[in-house]
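[1] With the sequence up front, the predicted model follows.
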Amino acid sequence: MPKNKQKKSKGNTSYDIYSEAFPPNKDGKRPKISSYSKTHDLLKEQSDEGKLNDLNPENIIYKPLTESNLSEVKNLHKEWFPIDYDDKYFKKIFTNKYSSYFTIGAFYNLENDKNNNEIIIGMALCEYRPVSDYFIKHTSREAIKEICDNIDFNEEVSSYLKCQEYNCVYIMTIGVLDEYRKLGIGSNLIKKIFEEALLDNLCVGVYLDVVNYNNTAMMFYQKNGFKKVSTIKNYYDIK
């Protein structure tokens, strides 16, 4: 299991957490990010006691997040993303049972934890959006044709892009806990999103946005079936 570097300070432990979603500095390096999740302490404690075994995939459960997970969701978003997601953002996702939002969490039961803690090791927050909303707002007719050509849409599917009746799943955020990255959890979250999208007969695709300096993320998405179709200038308001 990948392990983070740890730095001891007076009375506590700080963790060297890095995310390529954060912009690099002038030297091309990314600064250390503050740790907010208490899960890092739990994993460190289990590791020090020799109780932390290698990840057992059979102990990972993929299921929707709930309001009881909200605090940890907020903490992990602070670690993973340079955008300020305020309380209103999370409230609209977690409090409206009949909304267009859905979530997928990757939960792990620590086998040797006496408290039987089920920790969040990954998550995705998604929304069903009218397919035409995105393309009308951000692309011209010429760009729509180029997008269709790039992803090999046939004539029938291309017409969906101009029809409010159809929708797409928009992946708002997706991330995996530092200690459990590069173990296939992110790819499994993508698969779960695809499975959810296939349940909706009016859903014709899945899309997302990624900041253009995050090459690792772009390679990950392309590995999981996504294709780059357009570039939108000044889309993100990053700190």
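    Happy to help now that I have it. Residues are numbered from 1 along each chain as shown.
[2] show me where pLDDT drops low in the chain?
    The chain contains residues with pLDDT under 70 at 1-16, 98, 111-116, 132-164, 239.
[3] Dead centre of it: give me the residue that sits there.
    In the chain, the residue lying closest to the centroid (C-alpha atoms, centre = their mean) is Ile174, at 0.3 Å.
[4] and Asp237, which of the three is it?
    Per DSSP: H, G, I helix; E, B strand; the rest coil, the local secondary structure of Asp237 is coil.
[5] element containing the nearest residue to it once chain neighbours are set aside?
    Distances taken as C-beta to C-beta, 6 or more residues apart in numbering place Ile83 nearest to Asp237, at 7.1 Å, with adjacent residues excluded. (C-beta placed from N, C-alpha, C; glycine too.) Under DSSP states H and E, no helix or strand contains Ile83.
[6] my guess is Ile83 meets Asp209, correct?
    No: taking contacts as C-beta atoms under 8 Å, Ile83 lies outside contact range of Asp209: 11.0 Å.
[7] Three-state assignment for Ala124, please.
    For Ala124, the assignment made with three-state DSSP gives strand.
[8] Tell me how far it lies from His40.
    Separation of Ala124 from His40 (C-beta to C-beta, to the nearest Å) stands at 21 Å.
[9] more neighbours, those two?
    Between Ala124 and His40, counting by other C-beta atoms under 10 Å, Ala124 is the more crowded of the two (25 against 21).
[10] distance of that one from Lys26?
    To Lys26, Ala124 is 33 Å away according to C-beta to C-beta.
[11] for this protein, what spans make up the helices?
    Ranges of helices in the chain, per DSSP state H, are 39-48, 70-80, 87-94, 131-138, 141-150, 155-160, 185-198, 215-223.
[12] Can you name every helix or strand that the second one contacts?
    On a contact count with 3 or more C-beta pairs under 8 Å, 6 or more residues apart in numbering; DSSP states H and E, helix 70-80 meets helix 87-94, strand 118-130, strand 167-176.
[13] Contacts only, for the residue nearest to Leu189 when sequence neighbours are not counted.
    Counting by C-beta to C-beta, 6+ apart, Leu189 lies nearest to Ala124, which is 4.8 Å off, once chain neighbours are set aside. Ala124 is in contact with Thr103, Ile104, Ile171, Thr173, Ile174, Leu189, Ile190, Lys192, Ile193, counting by C-beta atoms under 8 Å, 6 or more residues apart in numbering.
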